[in-house]
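[1] dropping a prediction and its sequence here:
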Amino acid sequence: MFDMIVGCGNWAMRPTPPADAATLEDALRAEGVTGACAYPLEAWFWPDPQEANELRLPDLAASEFFVPSAVLNPTLPAWRKGYDACRERWQVPLVRLMPGYHAYELAVPEVDALAHRAAEDGVALGVHLRVEDERMQNPIALVPGVPFADVVALAERHPGLQVVAFGLSRLRELSGYVPDGLVGKLNAPSGPEPLAELPQNLWIDLSFFEYKSSLTIALKLFRLERLLFGTHYPLFYPRSNVLKVENSEAPDEAKSAVTGENARALLGVSS
């Protein structure tokens with residue numbers, strides 16, 4: 001299993017073991033994960049996420065288990081310097097944005113400037129819709145989720161860019177992209193085309209997608225080749241997302257694609 005969403009570091013609101021890359025790797029391997037794309041967990045709250053990149057990416061890049069990914073805030077004047085450093089020093093194949101926590105919208109020109117640069121370099125751009133279920137947030141730090149529609153619009157503006165939506169949680173977030181009578185269609189056998197009409201360059205992380213048969217529903221909604229497995233460790237217990245796949249009635253070839261093949265294709269890494 002290749003995990004697309006792992007945070008390395010310390011969470012500001014509660015204890016989240018483990019903090020260092022080596023211990024994080026041990027915990028994930030114990031759950032059957034064989035590789036992961038990780039980012040600095042401190043980046044959610046630090047004023048400049050590049051400082052978190054500088055702290056955590058050296059250890060992540062030194063490990064054969066991890067693929068390092070950077071977090072940037074494109075509204076900060078020095079984002080280009082941070083981008084260049086993360087590419088040159090740690091060869092990150094994915095840059096993550098956290099608009100809700102860094103207080104900007106995806107429609108601002110600075111995001112498009114970063115998106116254009118990433119597309120030129122073949123770097124994927126991930127957008128985190130949320131980090132916690134909004135009902136679980138600390139009352140002194142209530143941050144609304146980023147609208148999924150804003151991520152779709154970003155992917156449409158930059159068709160040459162691979163865009164990942166991290167943290168899609170509820171079917172209602174797909175309003176406008178699925179046909180009427182969705183519930184009935186989800187109970188029907190899968191058709192030749194996915195139900196959600198989304199850009200070809202948009203990838204979907206399943207770490208927050210919680211339903212009775214999450215993977216089966218996801219396969220009806222989205223293109224198989226655009227689905228990504230993630231544990232969202234250490235903020236989620238990894239076993240819950242592992243079991244979400246292992247206990248699914250989805251065919252083995254679909255499980256293999258979601259838990260490894262798709263992520264490696266997106267990141268350009270070998271098994």
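    Cool, got the structure.
[2] now do the helices in the stretch 101-250 of the chain.
    109-121, 148-157, 182-186, 214-221, 238-246 (DSSP state H, counting those that start in this stretch).
[3] buried residues in the third one?
    The one in question is helix 182-186. Buried residues in helix 182-186, defined by neighbour count with 16 or more other CB atoms under 10 Å: 182, 185, 186. (Each C-beta comes from the backbone N, C-alpha and C, glycine too.)
[4] mind listing residues that contact it?
    171, 174, 179, 195, 217, 220, 221 (CB atoms under 8 Å, 6 or more residues apart in numbering).
[5] and with 7 Å instead?
    171, 179, 195, 217, 220 (CB atoms under 7 Å, 6 or more residues apart in numbering).
[6] try stretch 102-111
    73, 74, 75, 99, 127, 150, 151, 154.
[7] change it to 6 Å
    The contact list for stretch 102-111 (CB atoms under 6 Å, 6 or more residues apart in numbering) reads 73, 74, 75, 99, 150, 154.
[8] setting aside sequence neighbours, what's the nearest residue to residue 124?
    residue 162 (4.2 Å; CB to CB, 6 or more residues apart in numbering).
[9] that neighbour reaches residue 125, doesn't it?
    No. The pair residue 162 / residue 125 is not scored as a contact, 7.2 Å apart, by CB atoms under 6 Å.
[10] how far does stretch 108-128 sit from the chain's center?
    15 Å (CA atoms, centre = their mean, to the nearest Å).
[11] reformat the buried residues of helix 182-186 as JSON lines; add pLDDT and distance to residue 88.
    Putting the buried residues of helix 182-186 into JSON lines (pLDDT from 0 to 100; distance: CB to CB, whole Å) gives the following:
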{"residue": "182", "pLDDT": "81", "distance to residue 88": "45"}
{"residue": "185", "pLDDT": "80", "distance to residue 88": "47"}
{"residue": "186", "pLDDT": "82", "distance to residue 88": "45"}
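[12] so can I have CSV of the contacts of helix 182-186 showing distance to residue 90 and neighbour count?
    Converted to CSV, the contacts of helix 182-186 look like this (distance: CB to CB, whole Å; neighbours: other CB atoms under 10 Å):
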residue, distance to residue 90, neighbour count
171, 37, 16
179, 43, 10
195, 38, 19
217, 36, 19
220, 37, 19
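[13] between these, which sits nearest residue 62?
    Closest approach between those and residue 62, by CB to CB: residue 217, at 38.3 Å.
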